[in-house]
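Student: Pasting a predicted model and its sequence here:
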Amino acid sequence: MFKAIYIDKQDQQYQCSVQQLDEQVLSAGDVTVRVDYSTLNYKDGLAISGSSPVVRSFPMIPGIDFAGVVEQSDHPDFAPGDRVFANGWGLGEKHWGGLTQKTRVAGDFLLKAPASLDNHTLMVVGTAGYTAMLCVMALQKQGVTPDQGPVLVTGANGGVGSFAVAFLAKLGYQVVASTGRPEEADRLKALGASEIIDRQTLAAPGKPLGREQWAAAIDSVGSHTLANVCAGIRYGGVVAACGLAQGMDFPATVAPFILRGVTLAGVDSVMCPNHVRLKAWQQIAQLLDDNMLSGIGHDIGLGDVIETAQALLAGKVKGRVVVDVNRD
Ligand SMILES: NC(=O)c1ccc[n+]([C@@H]2O[C@H](COP(=O)([O-])OP(=O)(O)OC[C@H]3O[C@@H](n4cnc5c(N)ncnc54)[C@H](OP(=O)(O)O)[C@@H]3O)[C@@H](O)[C@H]2O)c1
């Protein structure tokens, strides 16, 4: 028997609870993993609350990422005792995810844990930190260098935003952090932000083109914020867009793209190929430091998950929530 967060939908009733499950119910897959840690991401909040149709089949164990140890494997790349982790691939949406003490998945979803990152650290970083690194890499791919000017990060107190601030600062970029929580300014400055702006300045419908302020941006917010960010990027700048915390819409004009040569780079972590993931995790391992880890992550037990998911959706959680699945 093992414990898991379990979502079911019967007679249109959406239910999420902690359940004891029998190993026999584990889904198909070629690797069985004893999970140590999972995390709570925005998407997990949506899945757990049922407030958005994230879950594609029922019943479902949510959790878009996990780190653990292989218990049994029919996959040639993995053997019992290997430390492994997974992000995305439809975990917690189409396939049973990581908010569980045990899971069985396709081995192709797994990566071997880098020796320098323990399972807890892997999940402090989690999908949010890995996505933040994909965004940094998108800016680097387009040739954005620290000497070109400030880089804006929206949703800065969230998981993606916090790591985007920290990684950019460590790489020498001047970081402007946009947040709705100015009371967390000291935390963002400790992570490396040099300027904090109020997210309200970007939240309402704006002009097609604004003052050229930032060389580049990482946006996890979408909607009017993303439109205003694009309108405020300097000539030839780049915006890496990965999220929709304000909304999925993009009420913009083409003006920044056709008059200022701005590039909008989309970032997806879910189906991202393994060779890109490996590059992202290598760069994460090089940049991570204790300041980032202690400033961004905090732990909860499996029994705290449902309540914390509500707080996350209400924007009351800062940084990253790591779930110790073996703690009540
Ligand atoms: N593309 C991908 O593969 C991928 C991967 C991971 C995440 N995401 C997406 O990226 C986004 C952030 O994920 P996360 O895990 O970092 O979530 P999170 O920890 O909940 O952070 C989201 C942050 O967005 C800001 N925010 C929330 N509501 C807002 C609103 N109405 N208007 C403006 N800002 C708002 C808040 O930051 P402040 O308090 O600082 O204002 C909040 O902390 C989500 O939309 C998520 O689905 C996408």
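Tutor: That came through fine.

Student: tell me which helix or strand of this protein sits lowest on mean pLDDT?
Tutor: Least confident helix or strand of the chain, by mean pLDDT, DSSP states H and E, is helix 290-296 with a mean of 84.

Student: Leaving out sequence neighbours, find the closest residue to T225.
Tutor: L202 (4.5 Å; CB to CB, 6 or more residues apart in numbering). All C-beta atoms are positioned from the backbone trio N, CA, C, and that covers glycine.

Student: got it, and V54?
Tutor: In this structure, V54 finds its nearest non-sequential neighbour in A47, 4.2 Å apart by CB to CB, 6+ apart.

Student: any idea how far A231 lies from the ligand?
Tutor: According to CB to the nearest ligand atom, to the nearest Å, A231 and the ligand sit 16 Å apart.

Student: Contact partners for that residue?
Tutor: By CB atoms under 8 Å, 6 or more residues apart in numbering, the contact set of A231 is 206-210, 252, 255-256.

Student: Could you count how many residues lie near the residue nearest to T225?
Tutor: L202 has 25 neighbours, counted by other CB atoms under 10 Å.

Student: thinking again about what came up before, please save the CA atoms from the least confident helix or strand of the chain in PDB.
Tutor: Presented in PDB, the C-alpha positions along helix 290-296 are these (Å, rounded to 0.1, in the frame of the first residue of the first chain):
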ATOM      1  CA  ASP A 290      22.500  27.800  -1.200                       C
ATOM      2  CA  ASN A 291      21.100  31.300  -1.400                       C
ATOM      3  CA  MET A 292      18.800  30.400  -4.200                       C
ATOM      4  CA  LEU A 293      17.700  27.100  -2.600                       C
ATOM      5  CA  SER A 294      17.000  28.600   0.900                       C
ATOM      6  CA  GLY A 295      15.400  31.700  -0.600                       C
ATOM      7  CA  ILE A 296      13.100  29.900  -3.000                       C
END
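
Student: Taking the protein, what residue is nearest to the ligand?
Tutor: Closest to the ligand within the chain is G158: 1.9 Å, counting by CB to the nearest ligand atom.

Student: the helices in the protein, which residues?
Tutor: Using DSSP state H, the helices of the chain run over 42-49, 119-141, 159-170, 185-191, 200-203, 223-231, 255-259, 274-287, 290-296, 305-313.

Student: Buried residues of the second one, list them for me.
Tutor: Neighbour counts over helix 119-141 (16 or more other CB atoms under 10 Å) mark 119-139 as buried.

Student: picking that back up, for ChimeraX, write the select line for the buried members of the contacts of A231.
Tutor: To isolate the buried ones among the contacts of A231 in ChimeraX, judged by 16+ other CB under 10 Å, type:
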select :206,209,210,252,256
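
Student: near the ligand too, which of the contacts of A231?
Tutor: Among these, no residue sits close to the ligand (CB under 6 Å from any ligand atom).

Student: which residues does the residue nearest in space to the middle of the chain contact?
Tutor: Residue closest to the mean C-alpha point of the chain, counted by CA atoms, centre = their mean, is A128 at 2.0 Å. Listed by CB under 8 Å, 6+ apart, the contact partners of A128 are 39, 41, 158-160, 162-163, 320.

Student: For G68, the count of nearby residues, please.
Tutor: Applying other CB under 10 Å, we find 28 residues neighbouring G68.

Student: So it sits against V31, correct?
Tutor: No - G68 is beyond contact range of V31, at 10.1 Å (criterion: CB atoms under 8 Å).

Student: what touches both of these two?
Tutor: Common neighbours of G68 and V31 (CB under 8 Å, 6+ apart) are V84.

Student: Can you get me a residue count around the nearest residue to G261 once chain neighbours are set aside?
Tutor: With sequence-adjacent residues excluded and distances taken as CB to CB, 6+ apart, G261 is closest to G236, at 4.8 Å. Close neighbours of G236, defined as other CB under 10 Å, add up to 15.

Student: what does H275 give?
Tutor: H275: 7 surrounding residues under other CB under 10 Å.

Student: What of V317?
Tutor: V317: 21 surrounding residues under other CB under 10 Å.

Student: Show me what from the stretch 51-200 of the chain comes close to the ligand.
Tutor: Residues of the stretch 51-200 of the chain lying close to the ligand by CB under 6 Å from any ligand atom are 127-128, 131, 155-161, 179-181, 199.

Student: Any figure for the gap between A255 and E184?
Tutor: 33 Å (CB to CB, to the nearest Å).

Student: and what of F78?
Tutor: 40 Å.

Student: what's the answer for V153, then?
Tutor: Distance from V153 to E184, by CB to CB: 13 Å.

Student: ranges for the strands of the stretch 51-200 of the chain?
Tutor: Secondary structure of the stretch 51-200 of the chain by DSSP state E, counting those that start in this stretch: the strands cover 65-73, 83-87, 102-105, 111-112, 151-153, 175-179, 193-198.

Student: can you list those in TSV and add mean pLDDT?
Tutor: Below are the strands of the stretch 51-200 of the chain laid out as TSV (pLDDT from 0 to 100):
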stretch	mean pLDDT
strand 65-73	98
strand 83-87	98
strand 102-105	97
strand 111-112	97
strand 151-153	98
strand 175-179	98
strand 193-198	98
